[in-house]
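Q: Build the 3D model from these lines:
(chains A and B)
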Amino acid sequence: MRLKIVENKQVSKDAYILKVENPALYEILPGQFFMIKVNDFNYPLLRRPLSVAGFSDTIDFIFRVVGEGTRILSLKKEGEFIDILGPLGNGFTINSSKRLILVGGGIGVAPLLYLKDTIENRYKLKCESYFGFNTKDEVFVNAGNIATMDGSLGFKGTAVDMIQGDLDKDSLVYICGPLPMLKKLALLCFEYGCEMQVSLEARMACGIGVCLGCVVPTVSGDFKRVCVEGPVFDYKEIQWQEM
Amino acid sequence: MAGNVNLTVKLGNLIFKNPVLTASGTFGYGIEFSKYIDLNRLGGFIVKGLSLYEKKGNKPPRIVETPCGMLNAIGLQNVGVERFIEEKLPKLQGLNTHIIANIYGTEVEEFVRLAEILDKEPLISALEVNVSCPNVSAGGALFGKDPDMVYVLTVSIKKVTKKPVIVKLTPNVEDIAFIAQAAQSAGAEAVSLINTITGMVIDVKSRKPFLANKTGGLSGPAIYPIGVRMVYEVYEKVKIPIIGVGGIYNANVALQYIMAGASLIEIGTANFVDPTISIQIIKGIEEFMNEEGVNSISELVGVAHS
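A: All right, here's what the predicted structure looks like:
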């Protein structure tokens, strides 16, 4: 579906917020994503998976410029149209009886912003947020507890460092970020016996479950597709040693 | 439907309502696409390659994008033929289109067993045989690289099934027409070409091949001129229908394959980019025929020769 761009604005050193018109056709769960075609040509060929960072009058995506595709996307102007496919994937599950903790790293913070909004404003529940970045100029949020690796803003260290030692078996952690961070928190969750829902990133060709390109190893021995069985997984389902 | 153009194509004892099929490995088991398109509009679709037993596939990373294309090394992950018949096939009942099963094995006996099992399934119209795989009994040499192996394999499959047999050829050979001739002599009803072209991408940071499998198959718009050239070459050497596949992303490229000699075409990687592309290509072919005053698609097959 082609939707009109309402805003495309740089929000940090390398991240942009892209807002497109909400055609009022979708019910979007936090954690779900869209496949976005950055132009009408064969280069770049494939769509880019972007998770939803906000959903109101507009559908919002926050993306980091990492290659040619996202660079082209960053140049899109208000009023232009963009082809999106979705919403895709499963999304986070909210459990009101738990202490809800959001942990994000870098661009992985994006889907947690929509989750935070849903928990607080739709479910009227409380949650704690810990968002980590490398440096101050990469920070694109103005909410939750901020950590930077170099200490240039907020806590010095990672988002995981911030909550380490403060987890218990009543905690339900929602996490999205770089793999080492996910692995570290998965270990801690095993140790403390808490629950964790992890949103995984993967290279995808189709986003609709047919290319089988985006699979991850699971404890059952089978590969599961990030685009259909995910992107949100129970951390106990993932075979972390093979990630 | 605009105009009254005749898009029907005959292959063996089958009539296809139009020449547009979707390629194995890019269309799941068909079911996945039913929310995006009306499957009945297709000439047919070819389901994900089936092996005798379930295959878990290769470790990730399995795909990497390249200019106007992509490399993949999925490793033929599939549920196995029995589960396909029990779980997937019932969901495809009542469709008015051709469902073609793509089969894969590492020994002749595996292909034969698969063909025997699928021969009993009335919903399956034809078998497409993937010969781009290693023959364990022949020291791992690819079936599709050796005309003798293609001949033996095709004859063996033909013995156990009445359904039309399509041999899907690999382009990673010196003379693809020679291999096509072997399939024809063995009694294949058609050949489909091309499968993906072997390639590699290296991650310069890790200094290692990007894909866990090291090599992968290149597909997408980048490869279509190679496919068109190979269909053109095969058309001059065989009489059986050719199914053209490789990088088709619009009606223009589909028509190029048809003019090179393909009676039918398969759409592959383009399904990943736009799940409705197959229907758009059917419409585009119709429009072209209306504009050019072509009554029947068969008039265009092979017209680039002479």
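Q: Wondering if stretch B:14-29 reaches chain A at all.
A: Yes: applying CB under 8 Å from any CB of the partner chain, one finds stretch B:14-29 in contact with chain A at B:G25, B:T26, B:F27, B:G28. For glycine as for every other residue, the C-beta is placed from the backbone atoms N, C-alpha and C.
Q: How about that stretch, which residues are buried there?
A: B:14, B:16-29 (16 or more other CB atoms under 10 Å in any protein chain shown).
Q: again with stretch A:55-67
A: In stretch A:55-67, counting by 16+ other CB under 10 Å, buried: A:F55, A:T58, A:I59, A:D60, A:F61, A:I62, A:F63, A:R64, A:V65.
Q: Which of the buried residues of stretch B:14-29 fall within helices?
A: Among these, DSSP state H puts none in helices.
Q: now for those residues, which pair is the farthest apart?
A: B:K17 and B:G25 (23.1 Å; CB to CB).
Q: What residues of the longest helix seen in chain A count as buried?
A: Taking DSSP H as the assignment, the helix of chain A that covers the most residues is helix A:179-192. Residues of helix A:179-192 classed as buried: A:M181, A:L182, A:K183, A:K184, A:L185, A:A186, A:L188, A:C189, A:Y192 (neighbour count, 16+ other CB under 10 Å).
Q: Can you narrow those residues down to the ones near chain B?
A: Within those, nothing lies near chain B by CB under 8 Å from any CB.
Q: Would you mind measuring the gap between the ends of stretch B:185-205?
A: One end of stretch B:185-205 to the other measures 49 Å (CA to CA, to the nearest Å).
Q: So is that stretch next to chain A?
A: No: against chain A, stretch B:185-205 shows no contacts by CB under 8 Å from any CB, the least distance being 11.7 Å.
Q: where do the helices sit along chain A?
A: Under DSSP H, chain A gives helices at A:68-74, A:109-117, A:159-163, A:179-192.
Q: For chain A, state which of the residues of stretch B:14-29 next to chain A is nearest.
A: The closest of the residues of stretch B:14-29 next to chain A to chain A turns out to be B:G28 (CB to the nearest CB; 3.9 Å).
Q: Just give the number of residues close to the residue lying closest to the closest one once chain neighbours are set aside.
A: Counting by CB to CB, 6 or more residues apart in numbering or on different chains, A:V210 is the residue found nearest to B:G28 once chain neighbours are left out, at 3.9 Å. A:V210 is flanked by 25 other residues according to other CB atoms under 10 Å in any protein chain shown.
Q: same check, this time on A:Y43
A: Count around A:Y43 with other CB under 10 Å applied: 17.
Q: Next, work out how far apart it and A:K76 are.
A: 16 Å (CB to CB, to the nearest Å).
Q: just to revisit the earlier point, give me the distance between the longest helix of chain A and the centre of its chain.
A: Counting by CA atoms, centre = their mean, to the nearest Å, helix A:179-192 is centred 17 Å from the centre of its parent chain.
Q: List the neighbours of that helix that are in contact with it.
A: With CB atoms under 8 Å, 6 or more residues apart in numbering or on different chains as the test, helix A:179-192 has contacts from A:103, A:105, A:108, A:132, A:158-160, A:164, A:167-169, A:171, A:173, A:175, A:195-196, A:198, A:200, A:235, A:238, A:240, A:243.
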